[in-house]
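Colleague: Sharing a model that was predicted from the sequence below.
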Amino acid sequence: MQVTPGDLLQKINYPSDLKQLTEDQLEQVCQELRQYIIDVVSVNGGHFAASLGVVELTVALHYILNTPYDQLVWDVGHQAYGHKILTGRRDNFHTNRVYKGISGFPKRTESEYDTFGVGHSSTSVSAALGMAVASRYKGETDRQHVAVIGDGAMTAGLAFEALNHAGIENSNILVILNDNNMSIDPNVGGLKQYLTDITTSKPYNRFRDDIATVLTKISSMGPDAFKIAKKIEKSIKGTLLKKSNFFEAFQFRYFGPIDGHDVKHLVKVLRDLRDIPGPKLLHCVTVKGKGYALAEKDQTKWHAPGLFDKITGEIKKSKSEKPQPPKYQDVFGHTIIELAEQNPKIMGITPAMPSGCSLNLMMKAMPDRAFDVGIAEQHAVTFSAGLATQGLIPFCNIYSSFMQRAYDQVIHDVAIQKLNVVFCLDRAGVVGADGPTHHGAYDLAYMRCIPNMVVSSPMNEEELRNLMYTAQQDDMGPFVIRYPRGNGVMPDWQRPLKAIPVGKGRKISDGEDVAILSIGPIGNEVVKASAELNSEGFYPAHYDIRFVKPLDENLLHEVFKKYSKVITVEDGCIEGGMGSAILEFMADNNYSAEVVRLGIPDEFIEHGEQPELWAECGYDANTIIEQVKKMGIKRNAHTIAS
Ligand SMILES: Cc1ncc(C[n+]2csc(CCOP(=O)(O)OP(=O)(O)O)c2C)c(N)n1
């Protein structure tokens, strides 16, 4: 749906148009930009509160910087909607995150203003530093390099690694810390406390705006003045904060905290900072959801609220008379509490996704046994390993694509030591509108090659519960349970828990000619396809592999003895995934069969609804039906052997 932008915004196609306006007009631009984001996201969905919080920063940055020559890197990129609208994508913005539309994150192939592809957090400082060092090497001394990073993203090790390096590179980099005190959920940790101390320090705040301005003025007067300014700055900040500044310990010059919603002041400060060489950090204080009262009040809910009525604030939910199946994440969230009530060894860990993975339920019910460790996947895994060395059984819940960050920790800290850590990989398979950075495409492949691992995926909610029950038994070793984003298939999912023998698959239906092997909830597409095929006289067998490691060898002997045509179906990459495991089994055991592998092909899949992407990749029910018809023989029902 097209939305009409305000009078000034209508005329801004690119930052060059923005620069034609006077500084006095920028407040109106901000107001119109904010309204445009509200208008479009309310009917189109997407991330919301983060972009509202950086409207003034976005306008000021594009007003002062010479983008795209100057390099502006957004961390995560979920807050870059204003940036997209000001850089040539205003009229396409209604296609944001829609199948075949523009991406919800900055993307180099989409615009020259998108300097770095993002989606996962905490990469901006490293990337901007790389750009700054490249500019220095090429002699482009006039070029600016700016990373905008949130206080949540700043909690990751990667961001600290970059700060540590940037401090010693004499390159032109400005890190803007967008401090809104929030991650998706409230931010956590010592750094958050430190930032709160700075922003609430009364004496500091009295001087906060003046210091930055005066000092930048002095330092632009020449090398001697620059040295003097640095000295004054150090002593003032030292006195005011009564301890040394954290960022200055990294050899950054620290400016702020300043009000990130005062666009005119931002313009002034950014203009001054442009003239100061070396690594600098500007601490901006903002409010997530700024300008939309409900979002300011409940920032977690409005991080990505879905469609909503912008007047009443009512978030639209599909209504149904019948009980609906739960989300897999909620099955996890409720089941871990149920298990933990019986087993005192169980602990819950999430790196910054408590509401995303529903561990928030356990954090509330058992605060001493459930931890949000910040955006720190590597730490989450090794912290879990530490707990496991002491006989505890951590359930470490990490989105499949974010787990890519912690691969070494999985191998080095958990698998080699055969520790009892249960990895619950949420958002496995294609995830929908977040697109290629977030698709959980690779976990089956990257986990099944690790010794000591059990790698499983449930076909439905009951199976998820039973796999969780199985994994928390003693001496299971490292145990992966992967499940997708979204709802399951069983409205009556709270069934009694029972153990599943490790490495045992199951036969869903007998058949003729063709066997379909699936893993995980995508098996429900096979069930759908089979019903349709049966009505047309095709009778494929269906097996739920359930474990890609260890494989159910008895079941696979049965399959290859009975069937010479096999289709494998997985919501994961074809290369190295479940189908590959089946081919390896076939070769190792000297079977020969025609095997067709359906799954995510060897390319990055863009965003869209999950069913759209299953169809595009070729593993939805329709494609399975076509494939079976190509390989199978049409029969009368009475000829089918049981
Ligand atoms: C590696 C990684 N882990 C987790 C996430 C999920 N995630 C997206 S935004 C976000 C919070 C970011 O907080 P902050 O940087 O403070 O930005 P804000 O939304 O507050 O503006 C998280 C945890 C991610 N994108 N990447």
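Modeller: Arrived safely, thanks for sending.
Colleague: Contact partners for residue 92?
Modeller: 101-102 (Cβ atoms under 8 Å, 6 or more residues apart in numbering). All C-beta spots, glycine's among them, are computed from the backbone N, C-alpha and C.
Colleague: which residue sits closest to residue 462, ignoring its sequence neighbours?
Modeller: Using Cβ to Cβ, 6 or more residues apart in numbering and skipping the chain neighbours, the partner closest in space to residue 462 is residue 495 (5.1 Å).
Colleague: cool, residue 47 as well?
Modeller: residue 78 (4.0 Å).
Colleague: Run through the residues that contact that neighbour.
Modeller: 47, 50-51, 104-105, 304.
Colleague: My reading is that residue 348 is in a strand; is that accurate?
Modeller: Yes - counting by DSSP: H, G, I helix; E, B strand; the rest coil, one finds residue 348 located in a strand.
Colleague: Could you tell me how many residues sit around the residue lying closest to it once chain neighbours are set aside?
Modeller: Sequence neighbours aside, residue 370 is the residue nearest to residue 348 in space, at 3.8 Å (criterion: Cβ to Cβ, 6+ apart). For residue 370, the count of nearby residues is 24 (other Cβ atoms under 10 Å).
Colleague: where does the stretch 1-150 of the chain have low pLDDT?
Modeller: 1 (pLDDT under 70).
Colleague: just to revisit the earlier point, how many other residues sit next to the residue nearest to residue 462?
Modeller: Neighbours around residue 495, by other Cβ under 10 Å: 11.
Colleague: and it, what pLDDT?
Modeller: Turning to residue 495, the model gives it a pLDDT of 96.
Colleague: pLDDT weak spots in the stretch 251-400 of the chain?
Modeller: In the stretch 251-400 of the chain, no residues with pLDDT under 70.
Colleague: which bits of it sit near the ligand?
Modeller: Contacts of the stretch 251-400 of the chain with the ligand, taken as Cβ under 6 Å from any ligand atom, map to 288, 352, 375, 377.
Colleague: The first one looks like it's in a strand, true?
Modeller: This points to residue 288. No - using three-state DSSP, the secondary structure at residue 288 is coil, not a strand.
Colleague: so how many other residues sit close to it?
Modeller: 26.
Colleague: can you check residue 488 too?
Modeller: 24.
Colleague: again, but for residue 364
Modeller: Residue 364 has 11 nearby residues by other Cβ under 10 Å.
Colleague: likewise residue 475?
Modeller: 6.
Colleague: So it, which state does it fall into?
Modeller: coil.
Colleague: thinking it is in contact with residue 420, fair?
Modeller: Yes - contact criterion Cβ atoms under 8 Å: residue 475 and residue 420 qualify, at 6.9 Å.
Colleague: element containing the closest residue to the ligand within the stretch 451-600 of the chain, please.
Modeller: Of all residues in the stretch 451-600 of the chain, residue 485 sits closest to the ligand, at 13.0 Å by Cβ to the nearest ligand atom. Following DSSP states H and E, one finds residue 485 outside all helices and strands.
Colleague: in terms of contact, does it touch residue 432 like I think?
Modeller: Yes - the criterion here is Cβ under 8 Å, and residue 485 meets it with residue 432 at 6.5 Å.
Colleague: if we can go back for a sec, neighbours around the residue of the stretch 451-600 of the chain closest to the ligand, how many?
Modeller: Neighbour tally, residue 485, other Cβ under 10 Å: 22.
Colleague: and what of residue 152?
Modeller: Neighbours of residue 152 (other Cβ under 10 Å): 30.
Colleague: Now do the helices in the stretch 501-642 of the chain.
Modeller: 523-535, 553-562, 578-588, 610-617, 621-631 (DSSP state H, counting those that start in this stretch).
Colleague: pLDDT on the last one, on average?
Modeller: With pLDDT averaged residue by residue, helix 621-631 scores 98.
Colleague: Got the confidence number for the nearest residue to residue 246 once chain neighbours are set aside?
Modeller: Once flanking residues are discounted, residue 246 sits nearest to residue 194: 5.9 Å by Cβ to Cβ, 6+ apart. At residue 194, the model reports a pLDDT of 90.
Colleague: And for the one 5 residues further on?
Modeller: Model confidence at residue 199, given as pLDDT, is 83.
Colleague: Please apply the same query to residue 204.
Modeller: On the pLDDT scale, residue 204 gets 59.
Colleague: Check the one 10 residues further on too.
Modeller: With respect to pLDDT, residue 214 scores 58.
Colleague: Can you pull the residues that touch both of residue 485 and residue 432?
Modeller: By Cβ under 8 Å, 6+ apart, the residues touching both residue 485 and residue 432 are residue 610.
Colleague: How about the stretch 401-550 of the chain: which residue is closest to the ligand?
Modeller: residue 402 (4.4 Å).
Colleague: show me the residues around the nearest residue to that residue once chain neighbours are set aside that make contact.
Modeller: Of all residues not flanking residue 402 in the chain, residue 377 sits nearest, at 5.2 Å (Cβ to Cβ, 6+ apart). Neighbouring residues of residue 377 by Cβ under 8 Å, 6+ apart: 351, 398, 402-403, 405-406.
Colleague: Just give me how far stretch 102-122 sits from the chain centre.
Modeller: 14 Å (Cα atoms, centre = their mean, to the nearest Å).
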